[in-house]
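**Student:** Structure here, sequence nowhere to be found:
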């Protein structure tokens, strides 16, 4: 069966994008779903956050965008979870990204790279850069589902419109398989939460049931370079991402 490709995309940093990509990949893997996390962000936080180091000369996602491209299966790395693998990133990816603008059908580069492996996984999770540039375009073009993390703070809706315009340009005006994930939710900030929900009201039917609470163990797990389930299975963050993995597994079924 063909893998479901889930792209985590946002217009800015600090929304919990990488934490979501890592935890969703790990959550699906813990549910016995064979999963691949693709680190499309040159900051390589997903790669580092799962304890992987990239040695000098070692192939990374950058090599998939080279001419001629490296075959994606040659780049995939194992993790501490048996059913989770990673396509690692590196800051060098930023340099090659600028050259992609001149490439024909550049938005389909990642989608084409997936062809040899798309039947080997249940889920492929893509961690995009926190921008709307060419790398994010390739991630969106490849997606079956786009998840937009939205932090519960003032101006949370800012930029979602821009991202939706990119999605429409790449996937078509009628493609609506995108969802908003509320992140860093603090139930004590009731006034802020009400204001954010009012700003997001126009997309009410696109907001995922699962919301991610403010949870310090999520940050600590990144520092320890492991997933939230391995770091603290009893934390609120782990419970929320377990629920998210279950919701995503059922999405579209």
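**Tutor:** Here it is on my side, so go on. Just so it is clear, the structure is predicted and the values come from calculations on it, not from any experiment.
**Student:** only C-alpha atoms for contact and neighbour calcs from this point on.
**Tutor:** Will do.
**Student:** Do you have the strands of the protein handy? List them.
**Tutor:** Using DSSP state E, the strands of the chain run over 4-8, 35-39, 77-78, 84-87, 123-127, 145-151, 178-183.
**Student:** could you dump the ones you listed to TSV with mean pLDDT, distance to residue 137 and mean neighbour count?
**Tutor:** Formatted as TSV, the entries for the strands of the chain read as follows, by pLDDT from 0 to 100; distance: least, CA to CA, whole Å; neighbours: other CA atoms under 10 Å:
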stretch	mean pLDDT	distance to residue 137	mean neighbour count
strand 4-8	98	10	25
strand 35-39	98	14	27
strand 77-78	96	24	14
strand 84-87	98	18	24
strand 123-127	98	12	27
strand 145-151	94	11	25
strand 178-183	96	14	22
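**Student:** how about TSV for the ones you listed, with distance to residue 65 added?
**Tutor:** Formatted as TSV, the entries for those read as follows, by distance: least, CA to CA, whole Å:
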stretch	distance to residue 65
strand 4-8	18
strand 35-39	13
strand 77-78	18
strand 84-87	13
strand 123-127	15
strand 145-151	22
strand 178-183	26
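**Student:** Identify whichever of those strands lies nearest to residue 26.
**Tutor:** Nearest to residue 26 among these is strand 84-87; the distance by CA to CA comes to 6.6 Å.
**Student:** where does this structure dip in pLDDT?
**Tutor:** Screening the chain residue by residue with the criterion pLDDT under 70, one finds the ranges 154, 252-253.
**Student:** Which stretches in it count as helices?
**Tutor:** Under the criterion DSSP state H, helices of the chain are mapped to 17-30, 45-49, 92-97, 109-113, 134-142, 160-171, 190-199, 216-223, 228-231, 236-250.
**Student:** To residue 39, which of the ones you listed lies closest?
**Tutor:** That would be, of the helices of the chain and by CA to CA, helix 45-49, which comes in at 6.0 Å.
**Student:** Identify the residues contacting the closest one?
**Tutor:** With contacts defined as CA atoms under 8 Å, 6 or more residues apart in numbering, helix 45-49 is touched by 18-19, 21-22, 39, 53, 86-89, 127, 221-227.
**Student:** From those, list the buried ones, please.
**Tutor:** 18-19, 21-22, 39, 86-89, 127, 221-222, 225-227 (16 or more other CA atoms under 10 Å).
**Student:** the residue most distant from the middle of the chain, which is it?
**Tutor:** Note on the chain: the largest C-alpha distance from the chain mean falls to residue 191, namely 29.1 Å (CA atoms, centre = their mean).
**Student:** do you know how far it is from residue 215?
**Tutor:** 20 Å (CA to CA, to the nearest Å).
**Student:** what do you get for residue 41?
**Tutor:** Separation of residue 41 from residue 215 (CA to CA): 23 Å.
**Student:** These two - which one has more neighbours?
**Tutor:** residue 41 (25 against 17; other CA atoms under 10 Å).
**Student:** And the more buried one, how far from residue 247?
**Tutor:** Distance of residue 41 to residue 247, given as CA to CA: 25 Å.
**Student:** can you check residue 184 too?
**Tutor:** Distance of residue 184 to residue 247, given as CA to CA: 18 Å.
**Student:** Please name the residues that touch the closest residue to residue 187 other than its chain neighbours.
**Tutor:** The shortest distance from residue 187 to any residue other than its chain neighbours is 7.7 Å, reached at residue 193 (CA to CA, 6 or more residues apart in numbering). When the contact criterion is CA under 8 Å, 6+ apart, the partners of residue 193 are 152, 153, 185, 186, 187.
**Student:** burial count for the residue nearest to the first one when sequence neighbours are not counted?
**Tutor:** This means residue 152. Sequence neighbours aside, residue 185 is the residue nearest to residue 152 in space, at 5.7 Å (criterion: CA to CA, 6+ apart). Taking other CA under 10 Å as the criterion, the count of residues near residue 185 is 19.
**Student:** a markdown table please, covering the helices of the chain and showing distance to residue 60.
**Tutor:** A markdown table is the format used below for the helices of the chain (distance: least, CA to CA, whole Å):
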| stretch | distance to residue 60 |
| --- | --- |
| helix 17-30 | 17 |
| helix 45-49 | 10 |
| helix 92-97 | 8 |
| helix 109-113 | 13 |
| helix 134-142 | 14 |
| helix 160-171 | 25 |
| helix 190-199 | 38 |
| helix 216-223 | 21 |
| helix 228-231 | 24 |
| helix 236-250 | 26 |
